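J.: sequence unknown, structure follows:
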């Protein structure tokens, strides 16, 4: 749900509302609305989110077991990778199965 409280379009009242709005405005088509094991090819260095990620010194990923592989430097067994080469050295993966 989007509230009417602030100017241009309002403020999202929930995370789901915020993501729905980003999807509707085609700003974050690469952000899943729920957890997914599917690789999303829209996350690229030239996308809005990709350019934003390029500015971060570190990216911390909390994942669980086999879902972590696509975030690691070696990539998933099927070749999937979430992060591109210039970002990968800054990605720190925390596997919930190992941290617990």
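T.: Happy to help now that I have it. Computed from a predicted structure; not experimentally measured. Numbers count the residues shown, from 1 in each chain.

J.: which stretches of the chain form strands?
T.: 59-63, 91-95 (DSSP state E).

J.: looking at those strands, which is closest to residue 50?
T.: strand 59-63 (11.7 Å; CB to CB). To be clear about C-beta, it is placed using only N, CA and C from the backbone, and glycine gets the same treatment.

J.: in its sheet, what does that closest one sit against?
T.: Applying DSSP bridges to the sheet, strand 59-63 is found paired with strand 91-95 (parallel).

J.: buried set for the partner strand?
T.: If you call a residue buried by 16 or more other CB atoms under 10 Å, then strand 91-95 has these buried ones: 91, 93, 95.

J.: Check whether the second one really touches residue 63, as I assumed.
T.: This points to residue 93. Yes - Residue 93 lies in contact with residue 63 (CB atoms under 8 Å); the separation is 6.6 Å.

J.: about what we covered before: can you lay out the strands of the chain as CSV showing distance to residue 43 and mean pLDDT?
T.: Listed next are the strands of the chain as CSV, based on distance: least, CB to CB, whole Å; pLDDT from 0 to 100:
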stretch, distance to residue 43, mean pLDDT
strand 59-63, 12, 92
strand 91-95, 12, 95
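
J.: between those strands, which one is nearest to residue 47?
T.: strand 59-63 (14.9 Å).

J.: And for the closest one, what's in contact with it?
T.: Here strand 59-63 makes contact (CB atoms under 8 Å, 6 or more residues apart in numbering) with 53, 68, 71, 83, 87, 90, 91, 92, 93, 94, 95, 96.
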